[in-house]
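Asks: Here's a sequence, model it:
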Amino acid sequence: MERVTTQQLAMMPIEFKLNGETVVGRPDEKIIETAKKHGIDIPHLCHGGNQRSDGNCRACVVEIKGERALAPSCCRFPTPGMEVTTNSPRALTSQKMVLELLLSDMPEQEYTLDNKLKQWAGKLGVGRPRFAKREQPKSDLSHPAMAVNLDACIQCTRCVRACREVQVNDVIGYAYRGDASVPVFDFDDAMGESTCVACGECVQACPTGALMPARGVGLKKIEKKVDSVCPFCGVGCLLTYHVAEKKIQFVTGKEGPSNHYRLCVKGRFGFDYAHHPQRLTKPLIRKPGIAKSPDFVVDPGNWSEVFREASWEEALEFAAAGLRKIRDQDRYALAGYGSAKGSNEEAYLFQKLVRTGFGQNNVDHCTRLCHASSVAALMEGINSGAVSNQVSDVTKAELIFLIGANPTSNHPVAATWMKNAAKAGVKLVYADPRRSELARHAWRMLQFKPDTDVALLNAMIYTIIEEGLVNDEFVRERTSGFEALKENATSFSPEKMAPICGIPAETIREVARAYATSKGSMILWGMGISQHVHGTDNARCLIALAMMTGQIGRPGTGLHPLRGQNNVQGASDSGLIPMVFPDYQRVDNPDAHQRFEKLWGTTLDKKPGLTVVEIMDAAYDGKIRGMYIMGENPAMSDPDLEHARGAMAKLEHLVVQDIFLTETAYLADVVLPATAWPEKDGTVTNTDRMVQLGRKALNAPGEAREDLWIIVELAKRLGLDWTYAHPREVWNEMRQAMDSIRGITWERLERDSSVTYPCENEGDPGEPVVFQTHFPTATGRGRFVPADIIPAAERPDEEYPMVLITGRQLEHWHTGAMTRRSGALDAIEPEAVASLHPLDLDALGAKPGDLVTVESRRGKVSIYARADAGTPLGAVFIPFCYYEAAANLLTNPVLDPFGKIPEFKYCAVRVSAGGERPGDPGYGKGRTLQELYG
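Replies: This next block holds a predicted model:
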């Protein structure tokens with residue numbers, strides 16, 4: 001007899017009676033949910049969204065035949081033959097009494113037009129309460145993004161569950177007793193002074209307005225709601241814009257496959273950048289005689305000193321004429337720098353413009369600066385640069401191995417899945433030189449020494465081989481090259497590697513055993529793995545761990561490099577890379593070459609182009625003379641900024657397309673005003689391989705135009721016969737070029753908002769887990785590639801004794817062009833800070849909040865110090881989003897030889913106490929933060 005699984009049992013129908021009628025429900029479907037499906041609304045306040053139902057408000061009680069007490073329908077599941085009445089006199093009397101009692105404590109003042117308590121009271125005919133109002137708490141307006149109005153609180157505890165169980169931030173608790181009980185932040189601190197990370201999950205959960213976005217936006221009459229996707233990190237949360245008065249007033253999370261209503265501080269409160277007064281609204285052309293220099297001060301509010309306004313026709317012709325002139329003299333003297341912040345359609349057209357309009361392959365984007373080495377190793381090993389399993393698969397694993405990443409800052413919603421998994425008993429192994437908030441959820445925290453990734457990972461490989469934990473069948477049937485890996489591993493015993501990486505040998509062995517023997521182990525990594533000269537080797541080791549243990553090709557296993565920006569995956573898929581066409585088809589592969597020449601109807605260059613840093617080096621040397629940059633800011637994001645800015649200053653012709661006058665735009669000859677993400681339609685592909693549709697919610701300001709239109713108009717002036725008028729037309733062409741998305745129609749995207757690829761035929765569901773039976777290589781086998789220890793290109797010495805680590809922070813994104821123009825985000829984190837271990841600060845004679853100066857062989861910055869016990873001794877961490885203390889003035893541009901990615905995560909620096917403050921001569925080039933960013 002075939003056994004029935006728990007999942008199958010939960011889907012089996014159950015017949016029961018609801019208000020006298022026979023209905024069909026499921027064992028895992030609550031009575032309130034079945035009732036709603038049959039058109040019966042039951043009052044509820046503590047139930048809804050993505051929180052666990054608690055049943056404590058008692059507004060949803062129903063009568064069940066044979067039971068003495070009324071039952072909360074949000075917590076009860078049906079059983080065969082059960083008879084439920086939702087509108088019996090007894091149930092209705094109780095529901096109304098609950099609503100009346102709660103209404104009696106409601107303030108006269110409203111905080112939201114969507115007060116669920118008053119809506120239900122109106123539906124049930126509950127009038128003015130008969131009971132006296134108790135003394136209520138005062139409002140807490142200490143937080144820049146959220147208002148706390150506990151006089152409207154009904155103690156439903158949805159905010160507590162949202163904070164503790166959904167986001168697992170553990171900030172909101174429930175304190176005091178009796179009628180004095182209230183939700184509190186930490187130890188009853190003001191919200192703005194608590195450890196709240198402003199994810200806003202509590203705001204979305206609150207049914208009465210007790211927690212609301214700040215500045216009274218809940219009282220604005222919303223004119224339209226537009227479903228879209230978040231434009232920040234690679235998690236790709238679906239969301240809904242609430243628009244009134246031609247602005248986004250607030251944002252709510254949507255039931256999307258990667259977020260299930262969840263958002264982070266940026267996705268919920270970071271959209272007012274679109275309305276910032278410094279938005280570019282007219283094309284700008286550099287004034288004659290205004291020289292370019294790497295030593296410049298960006299003053300977005302005083303652009304007229306450098307630029308003059310122009311019509312679109314003049315600006316486009318000027319931009320194209322400069323590019324045409326250089327192309328006709330030497331086509332290899334041009335380069336394009338596309339964007340991972342735009343849509344797939346824009347990325348596809350941008351790389352097509354370079355390849356068909358410039359006539360060569362010098363096109364790249366910011367993936368070169370984040371996961372190029374990961375992709376190089378993945379392509380080499382398994383011939384696929386995408387993730388094998390989606391982030392939420394961590395809930396199906398027995399062990400999560402997270403290395404070189406700080407998802408609580410960089411991928412906050414992805415971090416919630418890891419925290420949920422850890423709370424459910426999944427073992428989280430967190431390996432990173434920096435200890436972050438996620439470490440408190442870890443089964444084992446491996447805080448290894450910076451730059452020793454290969455030593456640690458090879459020691460794990462050694463252990464798995466030595467202790468006979470290799471999955472011999474998987475290795476034999478699905479891989480090649482294992483003997484070379486086995487031979488290489490003999491030099492990396494945990495006992496030898498422990499002094500190098502700083503992790504005890506027995507701990508390495510324990511983690512290796514647990515990884516190899518669990519029913520499902522999943523590896524996730526970030527740029528702490530990839531941004532090294534040995535980044536490709538780091539990723540090779542991770543691939544080897546997965547293949548030698550067979551921990552790939554099943555739910556809860558696999559390899560997942562966490563993508564950085566919202567469309568890094570999609571822009572890479574779309575061909576915004578110098579050595580591949582769309583879908584990673586090599587430009588020097590004869591079959592791929594022939595395919596794209598036929599599709600695009602033109603002759604194409606077979607020579608792979610230059611990467612980002614190579615382009616900057618060539619520009620500095622005068623070999624690249626013209627560039628077209630769309631939506632990226634290499635004058636802040638590239639390593640060794642003085643060199644990068646100097647390279648762009650030497651260009652004969654620079655065309656920049658952006659929404660603000662960024663540091664890069666300040667070096668341009670012509671600036672084309674583009675659209676922010678909420679101002680256009682288009683698709684993006686998240687870290688989970690989900691193609692998701694972003695929808696237009698706003699009109700662009702002034703004469704700013706959609707990026708797609710600008711690319712097409714430039715292409716026409718470069719001699720290309722393009723007629724694309726809508727992203728749909730571009731998408732349909734992409735389906736012809738990319739087998740992985742061939743089955744995804746525009747109509748399906750409009751209907752479903754999100755579709756996972758590969759999806760090769762229309763109607764295919766998409767594949768959340770890939771490599772189940774084979775790898776997409778010529779033989780179907782994955783390839784082991786051994787890795788040896790290669791030290792960082794620049795090690796600490798007597799002159800520069802500390803290590804600089806760079807990265808992102810929770811409140812800001814990439815180079816800060818958008819998030820530092822968001823009022824709430826900039827208010828939460830307004831100043832550039834360097835994180836140092838408290839003992840290092842003491843040794844400097846400095847205190848938290850003091851100025852320190854960080855200097856490398858390439859530059860120096862003055863910056864405020866922050867004490868952080870998670871930063872290792874001898875290291876300093878600086879986010880790279882602050883113009884006035886740009887971390888990339890210090891970083892080393894030396895490249896990984898395979899991925900051509902710079903070593904952002906390691907260079908030698910010295911730190912000294914003191915420095916010039918904002919407003920002092922020399923700091924921020926003499927400008928204050930307010931002057932710089934308004």
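
Asks: Show me what D140 bridges to in the sheet.
Replies: V148 (DSSP bridges).

Asks: which residues sit in contact with it?
Replies: Contacts for D140 (CB atoms under 8 Å, 6 or more residues apart in numbering) come out as 147-150, 190-192. Every residue, glycine included, has its C-beta placed from N, CA and C.

Asks: Tell me how many other residues surround K598.
Replies: By other CB atoms under 10 Å, the residues close to K598 number 9.

Asks: swap in C153?
Replies: Using other CB under 10 Å, C153 has 23 neighbouring residues.

Asks: and if you look at C196?
Replies: 23.

Asks: What ranges does the stretch 51-200 of the chain have for its helices?
Replies: 89-103, 116-123, 158-161 (DSSP state H, counting those that start in this stretch).

Asks: Throw those into JSON lines and include mean pLDDT, thanks.
Replies: Converted to JSON lines, the helices of the stretch 51-200 of the chain look like this (pLDDT from 0 to 100):
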{"stretch": "helix 89-103", "mean pLDDT": "96"}
{"stretch": "helix 116-123", "mean pLDDT": "96"}
{"stretch": "helix 158-161", "mean pLDDT": "96"}
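
Asks: Go through those and name the closest to F596.
Replies: Evaluated over the helices of the stretch 51-200 of the chain, closeness to F596 peaks at helix 158-161, with 52.0 Å, by CB to CB.

Asks: could I have the closest one exported to PDB, CA atoms only?
Replies: The C-alpha trace of helix 158-161 is given here as PDB (Å, rounded to 0.1, in the frame of the first residue of the first chain):
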ATOM      1  CA  ARG A 158       0.700  41.400  15.600                       C
ATOM      2  CA  CYS A 159       3.600  43.800  15.800                       C
ATOM      3  CA  VAL A 160       5.300  41.500  18.300                       C
ATOM      4  CA  ARG A 161       4.900  38.500  16.100                       C
END
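
Asks: For that helix, name the packing helices and strands.
Replies: With contacts taken as 3 or more CB pairs under 8 Å, 6 or more residues apart in numbering; DSSP states H and E, helix 158-161 sits against strand 172-175, helix 201-205.

Asks: Out of these, indicate the one that is most buried.
Replies: Highest mean neighbour count among those (mean count of other CB atoms under 10 Å): helix 201-205, with a mean of 27.

Asks: Now find how far off-centre that one is within its chain.
Replies: Its chain's average C-alpha position is 20 Å from that of helix 201-205, according to CA atoms, centre = their mean, to the nearest Å.

Asks: Could you take the helices of the stretch 51-200 of the chain and lay them out as a markdown table, with extra columns for distance to A422 and mean neighbour count?
Replies: Formatted as a markdown table, the helices of the stretch 51-200 of the chain follow (distance: least, CB to CB, whole Å; neighbours: other CB atoms under 10 Å):
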| stretch | distance to A422 | mean neighbour count |
| --- | --- | --- |
| helix 89-103 | 35 | 18 |
| helix 116-123 | 32 | 18 |
| helix 158-161 | 17 | 25 |
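
Asks: Now render the ones you listed as a markdown table, adding distance to P43.
Replies: Listed next are the helices of the stretch 51-200 of the chain as a markdown table, based on distance: least, CB to CB, whole Å:
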| stretch | distance to P43 |
| --- | --- |
| helix 89-103 | 5 |
| helix 116-123 | 4 |
| helix 158-161 | 15 |
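
Asks: Indicate which one of those helices is closest to A244.
Replies: Closest approach to A244 among the helices of the stretch 51-200 of the chain (CB to CB): helix 116-123, 19.6 Å.

Asks: could you dump that closest one to PDB, C-alpha only?
Replies: The C-alpha coordinates for helix 116-123 follow below in PDB (Å, rounded to 0.1, in the frame of the first residue of the first chain):
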ATOM      1  CA  LYS A 116      -9.500  47.700  10.600                       C
ATOM      2  CA  LEU A 117     -11.200  48.000  14.000                       C
ATOM      3  CA  LYS A 118     -13.500  50.800  12.900                       C
ATOM      4  CA  GLN A 119     -14.200  49.100   9.600                       C
ATOM      5  CA  TRP A 120     -15.400  45.900  11.300                       C
ATOM      6  CA  ALA A 121     -17.400  47.900  13.800                       C
ATOM      7  CA  GLY A 122     -19.100  49.600  11.000                       C
ATOM      8  CA  LYS A 123     -19.900  46.300   9.200                       C
END
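
Asks: ok, and what's touching that helix?
Replies: By CB under 8 Å, 6+ apart, helix 116-123 touches 41, 43-45, 59, 99-100, 102-103, 106, 126, 154, 207-208.

Asks: what two of these are the furthest from one another?
Replies: Across the contacts of helix 116-123 (CB to CB), the longest gap, 21.2 Å, separates D41 and M106.
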